[in-house]
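Colleague: Got a sequence here, can you build the structure:
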Amino acid sequence: MKIRKAIGPDLNNLLEVERLAFGNVEGPQIVELVQGLLIDPTAAPILSLIAEHHDRVIGHILFTKARIALNEQIPAAILAPLAVVPDAQGQGVGGQLIREGLRLLSEAGVKLVFLLGHPDYYPRYGFKTAGLLGFEPPYRIPDEHANAWMVQELGPGFLGSINGKVLCADALNQPEYWCE
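Modeller: Have a look, this model is predicted:
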């Protein structure tokens, strides 16, 4: 398997990964989100990675710009979404996409990465409950899902020393994307 940055000709393949990974119910909404984020100037800088196996795109991860209200100078990103085609799930594809994305973001100077995702999956890659650390999501998350709002520190000294509401790209700033 190879992980690489997505380029223009990959668009249809990575959108197909999103559609297949999220199924007929959520798939169309996630495809629309990804399309919107890829052209949204408020999402830049964007890091879009794909996983390929035998020249087939089997996974995609997208990181877009985030800001922290009153601390907007701190480079931050939001991971949304991560997708792996069903027949490649459970084989470490998502983990490899996450690790490579975090590595590249760290090299680019990003200090904090946020996400709303499965609380049993993402902590194995270093993510912690963001609300407990003082970071408010763009939209309120019900208490029973509060631990799905997570953060990872890529540069030391930020967790515990700053907090605030996380602001996201316009395309992601819709309430339907903030339920877990």
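
Colleague: biggest strand in this protein by residues?
Modeller: Looking across the chain with DSSP state E, the single longest strand is strand 56-68.

Colleague: Give the other helices and strands that that strand contacts.
Modeller: helix 11-39, strand 47-53, strand 76-84, helix 93-107, strand 112-116, strand 164-168 (3 or more CB pairs under 8 Å, 6 or more residues apart in numbering; DSSP states H and E). C-beta coordinates here come from the backbone N, C-alpha and C atoms, glycine included.

Colleague: buried ones in the last one?
Modeller: Using 16 or more other CB atoms under 10 Å as the burial criterion, the residues of strand 164-168 that qualify are 166-168.

Colleague: Include pLDDT when you put those residues into TSV, please.
Modeller: Formatted as TSV, the buried residues of strand 164-168 follow (pLDDT from 0 to 100):
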residue	pLDDT
166	97
167	96
168	97
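
Colleague: ok, so of the residues you listed, who is nearest residue 54?
Modeller: residue 168 (34.9 Å; CB to CB).

Colleague: Hmm, the closest one is touching residue 69, no?
Modeller: No - between residue 168 and residue 69 no contact is recorded; they are 11.4 Å apart, counting by CB atoms under 8 Å.

Colleague: hang on, residue 127 packs against residue 153?
Modeller: No - in this structure, residue 127 is not within contact of residue 153 by CB under 8 Å, at 9.8 Å.
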